[in-house]
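Visitor: How does the following fold in three dimensions:
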Amino acid sequence: MNKTIFGTGIFFGITAILLGAFGAHGLEKMIDAKAIVTFETGVKYQMYHALFLMILGGCNLLGNANKKIVYYFIVAGVVCFSFSIYLLATNELSGFDFKKLALLTPLGGILLVIGWILLGIKVLRREPSNPN
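Guide: You can find the predicted model right below:
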């Protein structure tokens, strides 16, 4: 599971860099400045959680079952939060009204918060390891 978590972090990091570059250079003449800022918010949160997943994958504070639970909440949160923001920010470029999917953004945020809370609970309730 650790390779999967770490690999997902790498994938989210790579795609955040690519989407950030696209937002900064490819979209600047296609959407307004407010939409660019919105798009950048999605990129930032995706990158934060890419790093989060890489740390989680390399961390030995949790067992694999607990990591898996946190992992699923974070991945679902990033997909719902960041990717809905990308679609909403570029809404004017599409024939589909992505505003119909606007509830995915707060749902994604809630999933991210739950992932962080679960991480905190699992680490703080963890039994100390025996140093001997």
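Visitor: name the element Val113 belongs to?
Guide: According to DSSP states H and E, Val113 maps onto helix 104-124.
Visitor: Next, the buried residues of that helix.
Guide: 104-105, 108, 111-112, 114-116, 118-119, 122 (16 or more other C-beta atoms under 10 Å). No exception for glycine: its C-beta is placed from N, CA and C like everyone else's.
Visitor: how much distance is there from that helix to the middle of the chain?
Guide: Computed by C-alpha atoms, centre = their mean, to the nearest Å, the chain-centroid distance of helix 104-124 equals 11 Å.
Visitor: try stretch 93-104
Guide: Worked out by C-alpha atoms, centre = their mean, stretch 93-104 lies 19 Å from the chain centre.
Visitor: Which residues belonging to it are considered buried?
Guide: Residues 98, 104 are the ones in stretch 93-104 that count as buried (16+ other C-beta under 10 Å).
Visitor: Using neighbour counts, pick out the buried residues of stretch 34-41.
Guide: 35-36, 38-41.
Visitor: So which residues lie in contact with it, not counting its own?
Guide: Stretch 34-41 is contacted from outside by 19-20, 23-24, 27-28, 31, 85-86, 88-92, using C-beta atoms under 8 Å, 6 or more residues apart in numbering.
Visitor: Sounds good, over and out.
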